[in-house]
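K.L.:
Build me a model:
(chains A and B)
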Amino acid sequence: MSETFAPVALAEARPASVVTEGRWIRWLLIAVAILFLALFLVLPLLTVFAQAFAKGVEAYLAAFTEADAHAAIRLTLLTAAIAVPFNLVFGIMASWAIAKFEFWGKNLLVTLIDLPFSVSPVVSGLIYVLVFGAQGLLGPWLLDHDVQIIFAVPGIVLATIFVTFPFVARQLIPLMQEQGTAEEEAALTLGASGWHAFRTVTLPNIRWGLLYSVLLCNARAMGEFGAVSVVSGHIRGLTNTLPLHVEILYNEYNFVAAFAVASLLAGLALVTLCVKSVLEWRYADEIAAGARGH
Amino acid sequence: MAPPPRANPPTRAKRRFLRPSVIPGFGLAFGYTLTCLGLIVLLPLAALVTRASGLGLSGIWEVATDPRVASALRVSFGVSLLAALTASVFGFLIAWVLTRYRFPGRKIVDAVVDLPFALPTAVAGIALAALYAPNGLVGAQLARIGIEAAYTPVGIYIAMVFIGLPFAVRTVQPLIAEIDKEIEEASATLGAGRVHTLVRVVLPPLIPAVLTGFALAFARGVGEYGSIIFIAGNLPYVSEIAPLLIVIKLSEYDYGGACAIATLMLGISFLTLLAINLIQAWSRRRFGYV
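P.N.:
Numbering: from 1, shown residues only, chains lettered A, B, ... in the order given. This next block holds a predicted model:
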């Protein structure tokens, strides 16, 4: 009788499977992978905190008493507070149009929405200088009307919106396409208004995917450097975001302060990674279409 | 051959712009999407195209053949190629280990892969510079065996590997997870050794994904700015990258020069992606997989 249970146990205990590598090779490959990640990814992260606390806690905290640091934190929060909701609304609108309807030219539209991901951060900043800069398309008009966009906060916000533009949309489009339209159609047939159907049917279906994409969008918005650096003009206390403040401190050889401010951003990255991983482990199938790991 | 108007006889329904649906809100959502896309993305990009076409081919060629620009483009594209190769090889290995093997801490290692996506590039940049400087933790060891990492192209290479690695891992990982183990069993049953099975049965269908990851890492490396400029040293003709040269031209109010370099970068990146797409199309025909 015990034979009926044996195969499972045997399969587990069988030493050499034909669909995997030998034991030693397996452990060797695991070791190489972990060492590579430790050297190239984890070590730089640890360096940030090690350098920040190199001269003790007091020197670390002193970096945050500066007025410029406060201004940089405020500007970074303000930028993210505008860019993230903007892209959230855009992402929902775009994925509603693209996932729930069939229309001509849809693939082209999706490609165009993805475009900012394939443009270099520096070029992302450059194109806004070309539109709003002193020698730009709208430059003379803006000058006449005393509106400053480049080397001012609006330019920073615009550049940030550009680099984070696809985040929410590209997450939601495949998710909503996979979910189809049957549930919304049912709600509408039962007499719900379009807005009511969206709020009570669509939104609960996409909430985790939405949270996930907003999280990543926010991390990029707060951490963007290249694009913002081009349009900011680096005016201390006025147009410096946190990453730009880090650059200035570093170039002034004020390493402890540079790494202290950088440790804030690294902390944000760590929190983002943790929440992201937890979301992936718990709600994998509600975040992305055909979620990996199932 | 203009697209027919919306109110069409039903016989030509296939050619309508929008397939009829009971779901409301298409006009609002589509209009809002197009407006945002136009104002935020297309209009500024059009400004670049207009500027560049104003320079003409000869104007762009003149900038491209400027020795400093040519050298920066060579550094950006050359080093990115090497870095993307490295990222692809180790990215494949990491993706394989993460999907095929079970070991303690696997989920944490998996989460760590996304670190370069989450860590702001400037933070990564100063951390890498501190680490690989001649007196840094790794830089000192490298200096002992005669390798200068910081302030040379080697530093640029390290930063580009850092930034490209997650692309290489994440494009291959889902495909490795989908491999049908029965094919491997069949191969083994028919007498193939493990290496033979891997090289002849498992690897070929994964090639397009590896190439996609390679292309993404390469494109990212070419355009990357924040994580590179601190470790690169930015010596003209030696370790100056093309994006930095755009920033320099802009700070000199040389908009034309900046546009020419940006156009060249976009052009070469576009050709690379096109080549990769052609290779993918070929391998799709050859192996029948995506």
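
K.L.:
tell me which element the closest residue to B:Val222 other than its chain neighbours is part of?
P.N.:
The shortest distance from B:Val222 to any non-neighbouring residue, by CB to CB, 6 or more residues apart in numbering or on different chains, is to B:Ser80 (4.7 Å). Bear in mind the C-beta positions are built from the backbone N, C-alpha and C, glycine included. Here B:Ser80, judged by DSSP states H and E, is contained in helix B:67-100.

K.L.:
how about the residue lying closest to B:Tyr255 once chain neighbours are set aside, secondary structure?
P.N.:
Once flanking residues are discounted, B:Tyr255 sits nearest to A:Gln135: 5.4 Å by CB to CB, 6+ apart. The three-state assignment at A:Gln135 reads coil, by DSSP: H, G, I helix; E, B strand; the rest coil.

K.L.:
For A:Ser232, see how far away A:Gln135 is.
P.N.:
18 Å (CB to CB, to the nearest Å).

K.L.:
So these two - more neighbours on which side?
P.N.:
Between A:Gln135 and A:Ser232, counted using other CB atoms under 10 Å in any protein chain shown, A:Ser232 has the larger neighbour count: 23 against 12.

K.L.:
Name the nearest residue to that one, sequence neighbours excluded.
P.N.:
A:Thr239 is the one closest to A:Ser232 (CB to CB, 6+ apart), at 4.5 Å.

K.L.:
For that neighbour, give me the backbone phi and psi.
P.N.:
For A:Thr239, the backbone dihedrals (degrees, to the nearest 10) come out as phi -120, psi 30.

K.L.:
pLDDT below threshold where in chain A?
P.N.:
A:1-16, A:290-294 (pLDDT under 70).

K.L.:
In space, not sequence, find me the middle residue of it.
P.N.:
Nearest to the mean C-alpha position of chain A, by CA atoms, centre = their mean, lies A:Leu216 at 2.6 Å.

K.L.:
Could you tell me whether that one really is in a helix?
P.N.:
Yes. The assignment for A:Leu216 by three-state DSSP puts it in a helix.

K.L.:
Relative to chain B, how far out is it?
P.N.:
Counting by CB to the nearest CB, to the nearest Å, the gap from A:Leu216 to chain B is 7 Å.

K.L.:
Repeat that for A:Leu175.
P.N.:
The value you get for A:Leu175 to chain B, if CB to the nearest CB is used, is 15 Å.

K.L.:
does that residue really touch A:Asp285, like I thought?
P.N.:
No. Contact criterion CB atoms under 8 Å: A:Leu175 and A:Asp285 do not qualify, at 9.8 Å.

K.L.:
Settle it for me: which of the two has more neighbours?
P.N.:
A:Leu175 (25 against 13).

K.L.:
which residues sit in contact with that one?
P.N.:
A:95, A:99, A:206, A:209, A:287-289 (CB atoms under 8 Å, 6 or more residues apart in numbering or on different chains).

K.L.:
now do A:Leu35
P.N.:
Contacts of A:Leu35 (CB under 8 Å, 6+ apart): none.

K.L.:
Report the secondary structure element holding B:Glu185.
P.N.:
Going by DSSP H and E, B:Glu185 is part of helix B:181-189.
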